[in-house]
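**Q** Below: sequence and its predicted model.
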Amino acid sequence: MATEDLAPTVHGEKAVDLATGPARPGVPKKDPILVADHITRSFGGVHAVDVDHVEIPRHAITALIGPNGAGKTTLFNLLSGFDRPDTGEWEFNGRSLAGIPAWKAARRGQVRTFQLTKVLNRLTVLDSMKLGASKQKGESLLFSVLPFTWRAQEKQIEERALVLLEKFRLLDKKDDYAAALSGGQRKLLEMARALMTDPEFVLLDEPMAGVNPALVQSLLDHVVNLKREGMTVLFVEHDMHMVRHIADWVVVMAEGRVVAEGPPQEVMKDEAVVDAYLGSHLDQDIGVITGRYDEEGNRIP
Ligand SMILES: Nc1ncnc2c1ncn2[C@@H]1O[C@H](COP(=O)(O)OP(=O)(O)O)[C@@H](O)[C@H]1O
Ligand SMILES: [Mg+2]
C-alpha cells in the first residue's frame, strides 16, 4: 500500500484554529480538554518527563511525537493515573485529575491504551470487552442484592461489547481467546475495549505500531472516526505520514520536555523538531508503510 492510497485527509475539517496564538511550546488552546502544569517524573537520575505547560485541544486529534525515550509513554502513564509524578497538576475538563487512579479517570471520561497491548490472553475477546466496562453496578452491595438490575446491566454491557466488536470487525472472533488474535487485531481489540466506557478523551500509545499494512487503514479510520463521533484523541505515533495525515495538532517531546507544538505542516518545518527528531527520520518513511512484517503481521523492528 502506498502512502498516497490512505483515506482522504481530514485536514479539510479542521479549518478552525486550535491555539490562541502562534505555535510554540505550551501555547494555550481555545478550548482545551486537558491542561497540565509542571509535570515531572524521574527514574533514578533520568528526568523522564519535565513538562512545564501543555494543553490538549478538544474535539481534535493531537499527535505526540518524539524519539524513543523522549518520555511520551511516561507522560501517558502520569496523565492517565497509571503512575504518579514527582510534581505536577493537571485538569481534565477543568477538574483536577492529579492523584486520581486510572479507573476513576475512565469514569470521568478519559481512557488510554498501551504501547504493548494489555489484552488478556486467557480471556475470550467478548469477556475482555466486558471487563473494559466501567466499574459495574454489580460490584456494589446494593446492586448485588438486586439481581434484576444487575442482570439488566450485564445485558447492556454485552450489547455494547457486541456493537463495538462489529464495528471493529472482530465480531466473528468474539469467542476466540485474545491470544489467538494477530498483533493488529489485538490493537483493534484494545481500542474497542477502551470505548466500552463511552469516553470523551482517548489516549492511544502507538496504536499503529506493529500493525500489518492491511490493518493500518482500518486503524486510521477508527482514529478519525473517534473524532467524528465527538471524542478528543491524543496519540503517540512515529510514522510522520500518519501524523501528517490525521493529526490536527502535533506536540513534540524530546528528553522529557515539550520542544515544539503546532499544526503538522508547521511543526515538521520547525528547526528544533528537525534537529531533535526528524533529522534522522525525515527521509526514511519509518514505520508501517515500509516496515517488514512477520507472518502474524507484527512489525519486525
Ligand atoms: N519504569 C521505569 N523505570 C526506569 N526508567 C524508566 C521507566 N519508564 C521509563 N523510563 C525511562 O524514562 C525515559 C522515557 O521513557 P518513555 O516514557 O518510555 O519514552 P517514550 O515512550 O517516549 O519512548 C527513558 O529514558 C526510559 O528509559
Ligand atoms: Mg513509548
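**A** Perfect, thanks for sending it. Residues are numbered from 1 along each chain as shown. Ligands and ions are numbered 1, 2, ... in the order given.
**Q** For this structure, which segments count as helices?
**A** 72-79, 102-108, 125-131, 141-144, 147-167, 183-194, 213-228, 240-246, 264-267, 271-276 (DSSP state H).
**Q** need the strands for the stretch 1-150 of the chain, in chain order.
**A** 32-43, 46-57, 61-65, 87-92, 95-96, 110-113 (DSSP state E, counting those that start in this stretch).
**Q** ok, and for the last one, which residues are buried?
**A** Within strand 110-113, the residues scored as buried using 16 or more other Cβ atoms under 10 Å are 110, 111, 112, 113. The C-beta positions use only the backbone N, C-alpha and C, and glycine is treated the same way.
**Q** Contact residues of the stretch 1-150 of the chain facing ligand 1?
**A** Near ligand 1, the residues belonging to the stretch 1-150 of the chain are 43, 46, 48, 66, 68, 69, 70, 71, 72, 73, 74 when assessed by Cβ under 6 Å from any ligand atom.
**Q** Residue 226: which of these is nearest?
**A** residue 72 (19.0 Å; Cβ to Cβ).
**Q** isn't the closest one right up against residue 253?
**A** Yes - with contact defined as Cβ atoms under 8 Å, residue 72 reaches residue 253; the gap is 5.7 Å.
**Q** Give me the common contacts of these two.
**A** 64, 65, 66 (Cβ atoms under 8 Å, 6 or more residues apart in numbering).
**Q** from those, which single one is nearest ligand 1?
**A** Closest approach to ligand 1 among the shared contacts of residue 72 and residue 253 (Cβ to the nearest ligand atom): residue 66, at 5.6 Å.
**Q** ok, back up a step: looking at the helices of the chain, which has the lowest confidence?
**A** Lowest mean pLDDT of the helices of the chain: helix 141-144, a mean of 53.
**Q** now residue 116: how far from ligand 1?
**A** For residue 116, the distance to ligand 1 equals 11 Å [Cβ to the nearest ligand atom, to the nearest Å].
**Q** Next, count neighbours for residue 224.
**A** By other Cβ atoms under 10 Å, the residues close to residue 224 number 19.
**Q** correct me, but it touches residue 248?
**A** No - in this structure, residue 224 is not within contact of residue 248 by Cβ under 8 Å, at 10.5 Å.
**Q** Reformat the strands of the stretch 1-150 of the chain as a markdown table; add distance to residue 78 and mean pLDDT.
**A** Below are the strands of the stretch 1-150 of the chain laid out as a markdown table (distance: least, Cβ to Cβ, whole Å; pLDDT from 0 to 100):
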| stretch | distance to residue 78 | mean pLDDT |
| --- | --- | --- |
| strand 32-43 | 6 | 98 |
| strand 46-57 | 7 | 97 |
| strand 61-65 | 13 | 96 |
| strand 87-92 | 7 | 97 |
| strand 95-96 | 13 | 96 |
| strand 110-113 | 11 | 93 |
